[in-house]
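Trainee: What follows is a predicted structure for the sequence shown.
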Amino acid sequence: MSELSVAQVLPTSGKRSAFVAFNERLIREKPLGAVGGAVFLLFMFCGIFANFLAPFEMNYTDLTQRLQPPSLAFPFGTDHLGRDVLSRVLIGAQISMIVSFLAAGLATVISIVIGVLSGYFGGKPDMVMQRGVDAWMTFPDLVLLIVIVSVVGPGIPQIVVVLGLLYGIAGSRIVRGAVISVRENMYTHASLSIGAPTFHILRKHILPNIMPVVIVLFTTRIGAVILAEAGLSFLGLGVPPPAPTWGSMLSGTGRTYMYLGPWLALAPGLCITVVVYAVNVYGDALRDLLDPRMRGTQ
């Protein structure tokens, strides 16, 4: 009876400790990455619960409290209309989280589809798809974003689709390179020699072995999308008002009243800088820990 109990407990504890062991290894080997992951989780928490964490409604106006410096009542100060900057920054985090995760997810799916098809099958399909990718990448990102958003109009769905296509097509070259590397390994040739179907090879060999690249691609795309969305909002082509975004806060009140209230620009600017840096550092740490090729090279 006792042996049976131990046998039942050990697998469960092993599965439970795998996640804990990975986090311990992350903290031990990549402390900067662990800090970035903590900041990333804080960003997600603020985005998910922004409506509950915000002390005021995002557009609540009190002209008697206009341009108040940071204090206990207003930790991030107030703007020229007396609106609480902290509340607007939290709602901006929510918008940034929604746009970044949706756009980065769409971009990753597009990169995987194009990269796997192009890298695995090669030949004429590879040549046609890669020439299309090359043509797409000849256009500057910012110019392409401005033109497309000007045509389709501002809004969260439009920005998600545009940014997903922009980074998805460009990122397919990274996935393609990883697929070509995995395709030339012996285990892939062994599967081909015994007549394994293509779907089996893609599911069992190609996709699992390119996951470290996909993880890093997804995390870096989150940071890139946050920057791109902030840039579009700064130019007035992002999420339309009255929704506050970090980019629009920098462009509007932040730029106009920067000398009277520097906190108006510092709050959203620091949020963009810290979150993007944390996401990129965390993604690099995950890549180093998950990719078998990186083990023993540190």
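Mentor: Noted; the coordinates are in hand.
Trainee: most centrally placed residue in the protein?
Mentor: In the chain, the centroid-proximal residue (Cα atoms, centre = their mean) is Ile222; its distance is 1.6 Å.
Trainee: Does it lie in a helix or a strand, and which?
Mentor: When elements are defined using DSSP states H and E, Ile222 is found to belong to helix 207-234.
Trainee: Okay, helices next: where are they in the chain?
Mentor: For the chain, applying DSSP state H gives helices covering 2-29, 31-48, 50-53, 85-121, 123-137, 141-152, 156-183, 186-193, 198-201, 207-234, 246-251, 253-256, 263-290.
Trainee: and Asp79, which of these is closest to it?
Mentor: Within the helices of the chain, the stretch nearest Asp79 is helix 253-256; the backing value is 4.6 Å (Cβ to Cβ). Glycine gets a C-beta too; all of them are placed from N, C-alpha and C.
Trainee: Contacts only, for Arg221.
Mentor: 103-104, 107-108, 167, 171 (Cβ atoms under 8 Å, 6 or more residues apart in numbering).
Trainee: Could I get those residues in JSON lines, plus columns for pLDDT?
Mentor: Below are the contacts of Arg221 laid out as JSON lines (pLDDT from 0 to 100):
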{"residue": "Ala103", "pLDDT": "93"}
{"residue": "Ala104", "pLDDT": "92"}
{"residue": "Ala107", "pLDDT": "93"}
{"residue": "Thr108", "pLDDT": "92"}
{"residue": "Tyr167", "pLDDT": "90"}
{"residue": "Gly171", "pLDDT": "87"}
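Trainee: Quickly name whichever of the residues you listed is closest to Val149.
Mentor: Ala103 (12.6 Å).
Trainee: Could you report the neighbour count for the residue nearest to the closest one when sequence neighbours are not counted?
Mentor: Distances taken as Cβ to Cβ, 6 or more residues apart in numbering place Leu163 nearest to Ala103, at 4.0 Å, with adjacent residues excluded. By other Cβ atoms under 10 Å, the residues close to Leu163 number 27.
Trainee: Now that we're looking at Leu163, what pLDDT does it have?
Mentor: According to the prediction, Leu163 has pLDDT 90.
Trainee: Then Gly168?
Mentor: Model confidence at Gly168, given as pLDDT, is 90.
Trainee: correct me, but it touches Leu106?
Mentor: Yes: using Cβ atoms under 8 Å, Gly168 makes contact with Leu106 at a distance of 6.3 Å.
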